[in-house]
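> Next one to model:
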Amino acid sequence: MTRPGPLPAPVPTGTGPVDDDRTPRAPGRPPRPLGDPARHASAAPVGQERGRVPVQARPGDPGPSARGEHTHDQPPPLPRRGSVVRASVRGQVLAALRVALVEGELAPGEVYSAPLLGERLGVSATPVREAMQQLAAEGAVEVVPNRGFRVVERSARQLAELAEVRALIEVPVLLRLATTVPTACWAELRPLAEAAAAAAACGDRAAYAESDRAFHRALLALSGNQQLVQVADDLHRRAQWPLLSGPLPRQQADLMADAAEHTALLDALAARDADAVQRLARAHFSGS
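Residues are numbered from 1 along each chain as shown. Below you'll find the model as predicted:
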């Protein structure tokens, strides 16, 4: 999926047309009826896989399930190919919507309908709804019954609270890593810091947001605690949505200053300077 341009305007009132077609299609192409035989032409008869000759039971044989036996030659049927395609499209739609959130194309406080977003992205409304439900679980949007999804408004205080929680979770881990991780290991994270710096130099806010999280995920992954990595990454993502009011999205100089803190943090970790690690990490989370 190519990167979308400007997304449609928010929905003021009412609902747009509902498209319940479960598979993505090209714009303008009518949905395929649920009873269309083309949907199921390749499906094998129930209980029989394509390319496999059914095993004939002997007279009087109660069958393997009745005997409590496991049949290794009859694996469970694979998911239908259509479900894999839907999952792929849903993932691409989710990525596109996340970029739109970071760049402010989806404005905080505004309501957007799934059919209109789907029309802009060239997919049906279904994967858009599914992606929006994921964003709702992440706290980026909220469901507005009979209208669509409203982009959550985050105040400066809410972002400060997120920064405080991130510091409470990550700073102790970084201090422990500073004393336990071999110095040579920190050099392996420098390419990630450089990638974030390159995105900042281009002023690409969406690319920087992704590179920034990748750097922090790799940093915390050295703890060996995957639950910690997932929780911290979720908090980090929530902190990247734009403000409702106040300063405009950070300009190129702000991104470059933020990216430079990654390198400074790696230097402090390699030097096992606990005081510098704590100071730099807290400042990085708060954006000060």
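> can you give me the end-to-end distance of stretch 177-191?
Stretch 177-191 has an end-to-end distance of 19 Å (Cα to Cα, to the nearest Å).
> I'd say Ser124 and Gly118 touch.
Yes. If you go by Cβ atoms under 8 Å, Ser124 and Gly118 touch, sitting 5.5 Å apart. C-beta: built from backbone N, CA, C; applies to glycine.
> dump the residue contacts of Val102.
Neighbour list for Val102: Arg205, Ala206, Ala209, Gln240, Trp241, Pro242 [criterion: Cβ atoms under 8 Å, 6 or more residues apart in numbering].
> distance of it from Ala207?
9 Å (Cβ to Cβ, to the nearest Å).
> List the contacts of Leu220.
Leu220 sits in contact with Glu170, Val173, Leu228, Val229, Ala232, where contact means Cβ under 8 Å, 6+ apart.
> Quick check: pLDDT value at it.
pLDDT recorded at Leu220 is 97.
> Report the secondary structure state of it.
Judged by DSSP: H, G, I helix; E, B strand; the rest coil, the three-state class of Leu220 is helix.
> how far away is it from Ala214?
11 Å.
> Tell me which stretches of the stretch 101-250 of the chain form helices.
Secondary structure of the stretch 101-250 of the chain (DSSP state H, counting those that start in this stretch): helices at 114-121, 125-137, 156-180, 183-186, 190-201, 205-221, 226-238.
> Next, the buried residues of the first one.
Buried residues in helix 114-121, counting neighbours by 16 or more other Cβ atoms under 10 Å, are found at Ala114, Pro115, Leu116, Leu117, Gly118, Glu119, Arg120, Leu121.
> go on, the last one?
Judged by neighbour count using 16+ other Cβ under 10 Å, the buried positions of helix 226-238 are Val229, Val231, Ala232, Leu235, His236, Arg237, Arg238.
> how about the nearest residue to the fourth one, chain neighbours excluded?
Right, Leu235. Distance criterion Cβ to Cβ, 6 or more residues apart in numbering; nearest residue to Leu235, sequence neighbours excluded, is Arg166 at 5.2 Å.
> My understanding was that Asp212 contacts Glu261; is that so?
No. Judged on Cβ under 8 Å, Asp212 makes no contact with Glu261 at a distance of 10.1 Å.
> Could you list the low-pLDDT ranges of the stretch 151-288 of the chain?
242-251, 288 (pLDDT under 70).
> what about stretch 105-112, start to end distance?
End-to-end for stretch 105-112, by Cα to Cα: 11 Å.
> Disregarding flanking residues, what is the spatial nearest neighbour of Val229?
Excluding the flanking residues, the one nearest Val229 by Cβ to Cβ, 6+ apart is Leu220, at 4.9 Å.
> where's the one you found relative to Ala95, distance?
Taking Cβ to Cβ as the measure, Leu220 falls 22 Å from Ala95.
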